[in-house]
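Undergrad: give me a model of this one.
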Amino acid sequence: MKISTSIATVSFAAFATAFTPTSFNGRASSLLNVATQAGVTPVDKSMQGIDAQATFDPTEGEGSALSRNNKGEVWNKQRARPRRNRKSPAIRNMVRECIVTPSNFIYPLFIHDEDFNQAIESMPGCERHSLDSMMREIGESMELGVGTFVLFPKVPDELKTNLGVEAYNPEGIIPRAIRMIKATHPDAVVVTDVALDPYSDQGHDGVVEDGKILNDVTINQLCKQVICQAEAGADIVAPSDMMDGRVKAIRDALDSEGFTDVSILSYTAKYASA
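TA: Numbers count the residues shown, from 1 in each chain. Got it, this is the predicted structure:
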């Protein structure tokens with residue numbers, strides 16, 4: 001299996017080693033052991049007489065930066081010390097909120113309606129998959145713990161139009177791919193890109209007129225696109241188009257058709273291309 005180098009590019013064997021808390025704590029402990037074994041001289045926390053000549057003393061003066069505690073040690077008078085929660089492997093294990101595992105990754109799959117895979121020159125290490133290859137990738141990825149996949153289509157030029165009507169063709173490549181995945185891997189989470197650029201003969205994320213993208217007309221088409229994707233079985237629709245107001249319209253469209261459980265993931269930021 002050749003994992004894409006875009007979002008989910010990891011060697012999962014290396015990944016497991018890198019993100020297992022035990023391994024992390026072992027490395028941290030090893031570093032501390034090295035420091036201890038090196039015979040580091042204990043620090044005089046009064047910090048007095050450490051300089052060869054008189055220098056600035058942060059504990060002296062009318063607006064001194066530091067003061068001294070009851071033991072004469074330099075002291076920063078503050079109660080909030082977040083480093084307390086990081087002082088040992090055991091404490092870190094107790095308070096850690098975020099642990100990255102394979103299930104946190106989203107694997108981008110670029111697909112086309114061909115019976116072969118094709119390298120994507122602008123994205124070294126990535127390739128455009130046939131639907132059969134897509135299914136193999138998903139099966140192997142799920143065995144490794146990756147269960148979420150986002151689909152990006154390559155649509156033949158003859159199917160592209162300014163209105164992007166192929167985006168909501170129920171027999172288009174994305175709806176067929178969703179149905180294939182859900183039939184074999186019902187527990188897989190399928191995310192679909194929502195935008196018109198793969199289906200546009202103008203190469204834009206929206207409908208174009210007189211050199212201008214028509215915001216509301218584009219949203220009309222996006223609403224049709226998400227309903228088509230939801231009907232095919234998409235779990236999450238992910239708009240990347242940057243039309244103003246499209247997330248609310250997409251939510252309303254999904255809810256009005258009974259797809260209240262389909263999630264929305266707006267995941268891009270574009271400033272000149274949309």
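Undergrad: can you pull the pLDDT of the nearest residue in space to residue 46 that is not next to it in sequence?
TA: In this structure, residue 46 finds its nearest non-sequential neighbour in residue 72, 5.0 Å apart by Cβ to Cβ, 6 or more residues apart in numbering. C-beta: built from backbone N, CA, C; applies to glycine. What the model reports as pLDDT for residue 72 is 91.
Undergrad: buried residues in the helix or strand hosting residue 174?
TA: Using DSSP states H and E, the element containing residue 174 is helix 173-184. Buried positions in helix 173-184, judged by neighbour count with 16 or more other Cβ atoms under 10 Å: 173, 174, 175, 176, 177, 178, 180, 181, 182.
Undergrad: re earlier: got phi/psi on the residue nearest to residue 46?
TA: Main-chain dihedrals, residue 72, degrees, to the nearest 10: phi 80, psi 10.
Undergrad: can you show me the strands along the stretch 51-200 of the chain?
TA: Taking DSSP state E, counting those that start in this stretch, the strands of the stretch 51-200 of the chain run over residues 67-68, 74-75, 106-112, 118-119, 127-129, 148-154, 189-194.
Undergrad: the second one packs against which elements?
TA: Strand 74-75 sits against strand 67-68, with contacts defined as 3 or more Cβ pairs under 8 Å, 6 or more residues apart in numbering; DSSP states H and E.
Undergrad: partner strands of the strand it packs on, with direction?
TA: According to DSSP bridges, strand 67-68 has the following sheet partners: strand 74-75 (antiparallel).
Undergrad: list the contacts of the strand it pairs with.
TA: Contacts to strand 74-75, defined as Cβ atoms under 8 Å, 6 or more residues apart in numbering, come from residues 45, 46, 47, 58, 59, 66, 67, 68, 69.
Undergrad: number of nearby residues for the first one?
TA: Residue 45 has 13 neighbours, counted by other Cβ atoms under 10 Å.
Undergrad: hmm, it is touching residue 73, no?
TA: Yes: Residue 45 is within contact range of residue 73, at 3.9 Å (criterion: Cβ atoms under 8 Å).
Undergrad: before we move on, the earlier item: pLDDT for the contacts of strand 74-75 - can I get that in CSV?
TA: Output for those, formatted as CSV (pLDDT from 0 to 100):
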residue, pLDDT
45, 91
46, 90
47, 89
58, 90
59, 90
66, 91
67, 92
68, 91
69, 92
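Undergrad: ok, back up a step: which among the strands of the stretch 51-200 of the chain is found nearest to residue 272?
TA: Residue 272 sits nearest to strand 189-194 of all those, at 19.4 Å, using Cβ to Cβ.
Undergrad: please name the strands paired to that closest one in the sheet, noting orientation.
TA: Sheet pairing for strand 189-194, using DSSP bridges, gives strand 148-154 (parallel), strand 236-239 (parallel).
Undergrad: stretch 120-128 spans what distance, first to last residue?
TA: Terminal residues of stretch 120-128 lie 7 Å apart, using Cα to Cα, to the nearest Å.
Undergrad: buried set for that stretch?
TA: Neighbour-count burial for stretch 120-128 flags 126, 127, 128 (criterion: 16+ other Cβ under 10 Å).
Undergrad: do you know the pLDDT at the last one?
TA: Among the per-residue scores, residue 128 holds a pLDDT of 97.
Undergrad: thought residue 118 was touching it, still the case?
TA: Yes: applying Cβ under 8 Å, one finds residue 128 in contact with residue 118, separated by 4.6 Å.
Undergrad: residues shared between the contacts of those two?
TA: Each of residue 112 lies in contact with both residue 128 and residue 118 under the rule Cβ under 8 Å, 6+ apart.
Undergrad: count of residues packed around residue 251?
TA: Residues within reach of residue 251, counting by other Cβ under 10 Å, total 18.
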